[in-house]
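Enquirer: Coordinates for the following, if possible.
(4 chains)
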Number of protein chains: 2
Amino acid sequence: MPRRRRDAPRAVTIADVAREAGVSRATVSRAINDSDLVTAETKRTVEEAIARTGFVMNARGRALATGRAETVGVLVTEPLDELFDDPTYGRVLRGIAEGLTGSGFLPVIVQASSESERALALRSFERRSVDAVVHLTPYRGGDLLEALAGTGLPVVLCGQLVDSPYEGVFSTVYSDDVRGARLAAERLVADGRERVAAVLGPADNPATVDRRRGYAEVLGARLDEARTVHTGWDSTGGFSATAALLETHPDIDAILAGSDRIALGALAALRAAGRRVPDDVAVIGFDDHAIAANASPPLTTIAQPLVEEGQLAARLALEMIAGAAPRTEILPMRLIPRTTA
Amino acid sequence: MPRRRRDAPRAVTIADVAREAGVSRATVSRAINDSDLVTAETKRTVEEAIARTGFVMNARGRALATGRAETVGVLVTEPLDELFDDPTYGRVLRGIAEGLTGSGFLPVIVQASSESERALALRSFERRSVDAVVHLTPYRGGDLLEALAGTGLPVVLCGQLVDSPYEGVFSTVYSDDVRGARLAAERLVADGRERVAAVLGPADNPATVDRRRGYAEVLGARLDEARTVHTGWDSTGGFSATAALLETHPDIDAILAGSDRIALGALAALRAAGRRVPDDVAVIGFDDHAIAANASPPLTTIAQPLVEEGQLAARLALEMIAGAAPRTEILPMRLIPRTTA
DNA sequence: CTGTTAGCGCTTTCAT
DNA sequence: ATGAAAGCGCTAACAG
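Expert: Predicted coordinates:
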């Protein structure tokens, strides 16, 4: 039989409590789990014994017996440095934590950017170290998704996949990019803007595709193909793309940016070109990052309900753990009017 | 006896492999764990059976039998939003992940900013869901540290505590703030700066105390009390503190900043006041964040070996899991010369 | 309502 | 070198 670790004093177990309380281990277990198969009386006796012995339940024994670890893994495949660059994830993470409180389940963030880390994380999932997985960054790495499906664990994706290939397999929660884009576009129309440009994120990103669609639906001819460009998500991309755009299309009177960081770059480029915002050119960002409110001038933008997204993801995970079928939830975006449009 | 979860197909266990391979479960276990009590021959037989059955070890059974979960908890008590504001943690986290690779242990980040989350995390630790805890942010909350000590788990603190009250109880790893501060100060002395100011972080922060000491040791009378001020860690604090300082002490020719963000604020204040950097006033930051290199002008600063800190913390945790006594490691800082000093 | 008993999946001593 | 058997700490079906 296994020997105990080193000379650590043996931990108090449910058996000790049972002896102390003068009941069976089963009764102690029931009392602990607040079953209504025990009298309030007995429950109290057990509680006192627990207090006297200083018993704390061992998670491993319980996990083995119940088949649950009472944890949900939050999978993050971005390198942590980049992850920490982007406040988006922090908000979603907070939502997940909030959505889990009260359930007894604990979120454990599993970081897996390198190939070896991914393998490790996957193995840990296969071994059932967690009861469900919330995938924060499902865009990259189709094989990872395939492997996740292979684990048989409940999986929730935070973010939309093109063609939703895993519908019915994974749950998904994301914000309605098309609708959000429409909100921005409608604002510009109401404002009488006629020659709109779009400085979007990478063309292969599903969010980009949807936003572009939303813009187009509302703006029609007001948003010309030629005035639609793709760049990286950060301000550098926004700056250079906008600068180039101002060369070729000096007559634009509004810019729809793919992210707040892009918008900040655009703002800088406009300033450099001597355009006034919003008088000459209106600018609307996307995301409502902290930088949007603090920008000068404060940036009008579209807010994604990130915290709510996290909360919902947590709830979907719990649902699936309880046996529910996977489902997809789409959350609404909001226009945050500030000064740039 | 417990019923299996829903109608999930029963997972392949070690018993199935044993049957398939025609050996006992004990032998399978030995083969898996690469014991040298099994012939290479038998080992191969077992491996084939594993491949055929698709067996993956169940972490819970193993954890119960061995008394280890093969995970180390990374405790984070900052609200995630703030955490994600500060690239510091990302780097340390990366180091921890790196330091753990190959050990078979998995880092699980446990976020516990609210009181209830802290209680949850603590309970999970007491229940032995992890084998050790690395505490990323040990400055706040003395009762949490007390509670951590109470768990009896191996604990590694990333960061220095004043008076190191937990020496001999927790392991600690941190960078040598005194030495780092001396490096910065020495640079200014070599540069012939005579009227140095210090715009430091909060006075009650142990890092601040040490840095201030390092500055004082080297600069002596060159750093006057009256030119030493405390503010928050961010650029806003740096800006206003520096602006105020320039009012009362217009003759300063160097600024030692408590963080790179403070330094950026200082840079802005100097620019606003019409001072040239480094011609009129030299500036040295602290941390070597990404913003330091990208600042204009690029910021001379002191680099903390954050990734190494994380690696070391991981190693200390593994050591203690293996039974080693807690110990403290202090890492050296480096001056990163750029253009501001 | 409570106790008895049989597991959950794995490891390890002991005997061979 | 291998197998039998006894746990690790907890839960839950079953019988009373």
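Enquirer: going forward, measure contacts between C-alpha atoms and count neighbours the same way
Expert: Fine.
Enquirer: Pull up the residues of the stretch 1-150 of chain A that are close to DNA strand D.
Expert: A:1-2, A:10-15, A:25-26, A:29-30, A:32-33, A:56-62, A:64-66 (C-alpha under 7 Å from any atom of the strand).
Enquirer: Are any of these buried, and if so which?
Expert: Burial by neighbour count, 16 or more other C-alpha atoms under 10 Å in any protein chain shown: within these this picks out A:13-14, A:25, A:29-30, A:56-62, A:64-65.
Enquirer: what's around the closest residue to chain B within the stretch 201-341 of chain A, how many residues?
Expert: Residue of the stretch 201-341 of chain A nearest chain B, by C-alpha to the nearest C-alpha: A:G323 (7.3 Å). By other C-alpha atoms under 10 Å in any protein chain shown, the residues close to A:G323 number 13.
Enquirer: how about it, secondary structure?
Expert: Judged by DSSP: H, G, I helix; E, B strand; the rest coil, the three-state class of A:G323 is coil.
Enquirer: From A:L153, how far out is it?
Expert: Going from A:G323 to A:L153 by C-alpha to C-alpha, to the nearest Å gives 11 Å.
Enquirer: Same question for A:G232.
Expert: 34 Å.
Enquirer: for A:P202, same thing?
Expert: From A:P202 to A:L153 the distance is 31 Å (C-alpha to C-alpha).
Enquirer: So for these two, which sits in the more crowded spot?
Expert: A:L153 (20 against 16).
Enquirer: for A:A269, what are its contacts?
Expert: For A:A269, the residues meeting the contact criterion (C-alpha atoms under 8 Å, 6 or more residues apart in numbering or on different chains) are A:239-240, A:242-243.
Enquirer: same check, this time on A:T27
Expert: A:18, A:38.
Enquirer: tell me the mean pLDDT over whatever helix or strand it lives in?
Expert: A:T27 belongs to helix A:25-32 when assigned by DSSP states H and E. Taken as a whole, helix A:25-32 has an average pLDDT of 94.
Enquirer: C-alpha coordinates for that helix, CSV please?
Expert: What follows is helix A:25-32, C-alpha atoms only, in CSV (Å, rounded to 0.1, in the frame of the first residue of the first chain):
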residue,chain,number,x,y,z
ARG,A,25,-18.8,7.9,7.5
ALA,A,26,-21.7,7.9,5.2
THR,A,27,-23.6,10.1,7.7
VAL,A,28,-20.8,12.5,7.8
SER,A,29,-20.7,12.6,4.1
ARG,A,30,-24.4,13.3,4.0
ALA,A,31,-24.1,16.0,6.6
ILE,A,32,-21.3,17.7,4.8
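Enquirer: Might one say that A:E309 is in contact with A:T172?
Expert: No - if you go by C-alpha atoms under 8 Å, A:E309 and A:T172 don't touch, sitting 9.9 Å apart.
Enquirer: shared neighbours, these two?
Expert: In contact with both A:E309 and A:T172: A:C158, using C-alpha under 8 Å, 6+ apart.
Enquirer: Give me the below-cutoff pLDDT ranges for chain A.
Expert: For chain A, the stretches with pLDDT under 70 are A:1-9, A:80-87, A:140-141.
Enquirer: At the geometric centre of it, which residue sits there?
Expert: With distances taken as C-alpha atoms, centre = their mean, the residue of chain A nearest its centroid is A:V92 (4.0 Å).
Enquirer: now that residue, what's its secondary structure?
Expert: Secondary structure assignment for A:V92 (three-state DSSP): helix.
Enquirer: Give the phi and psi angles for the nearest residue to it once chain neighbours are set aside, as a check.
Expert: In this structure, A:V92 finds its nearest non-sequential neighbour in A:G310, 4.4 Å apart by C-alpha to C-alpha, 6 or more residues apart in numbering or on different chains. Main-chain dihedrals, A:G310, degrees, to the nearest 10: phi -60, psi -40.
Enquirer: Could you do the one 4 residues further on as well?
Expert: The main-chain torsion angles of A:A314 are listed as degrees, to the nearest 10 and equal phi -60, psi -40.
Enquirer: re the thing from before, show the contacting residues for the residue nearest to the centre of chain A.
Expert: A:306-311.
Enquirer: gap between whichever strand in chain A runs longest and the chain center?
Expert: Counting residues, the longest strand found in chain A (DSSP state E) is strand A:223-230. With C-alpha atoms, centre = their mean, to the nearest Å as the basis, strand A:223-230 stands 30 Å off its chain's centre.
Enquirer: ok, now stretch A:316-331?
Expert: 15 Å.
Enquirer: What of stretch A:251-261?
Expert: 25 Å.
Enquirer: mind saving the C-alpha coords of that stretch as PDB?
Expert: The C-alpha coordinates for stretch A:251-261 follow below in PDB (Å, rounded to 0.1, in the frame of the first residue of the first chain):
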ATOM      1  CA  ASP A 251     -12.100  63.600 -49.300                       C
ATOM      2  CA  ILE A 252     -13.200  61.100 -46.600                       C
ATOM      3  CA  ASP A 253     -15.400  62.400 -43.900                       C
ATOM      4  CA  ALA A 254     -15.600  59.500 -41.600                       C
ATOM      5  CA  ILE A 255     -13.500  56.500 -40.500                       C
ATOM      6  CA  LEU A 256     -14.800  53.200 -39.100                       C
ATOM      7  CA  ALA A 257     -12.000  51.600 -37.100                       C
ATOM      8  CA  GLY A 258     -11.700  47.800 -36.500                       C
ATOM      9  CA  SER A 259     -10.500  48.400 -32.900                       C
ATOM     10  CA  ASP A 260     -10.000  51.200 -30.500                       C
ATOM     11  CA  ARG A 261      -6.300  50.900 -30.900                       C
END
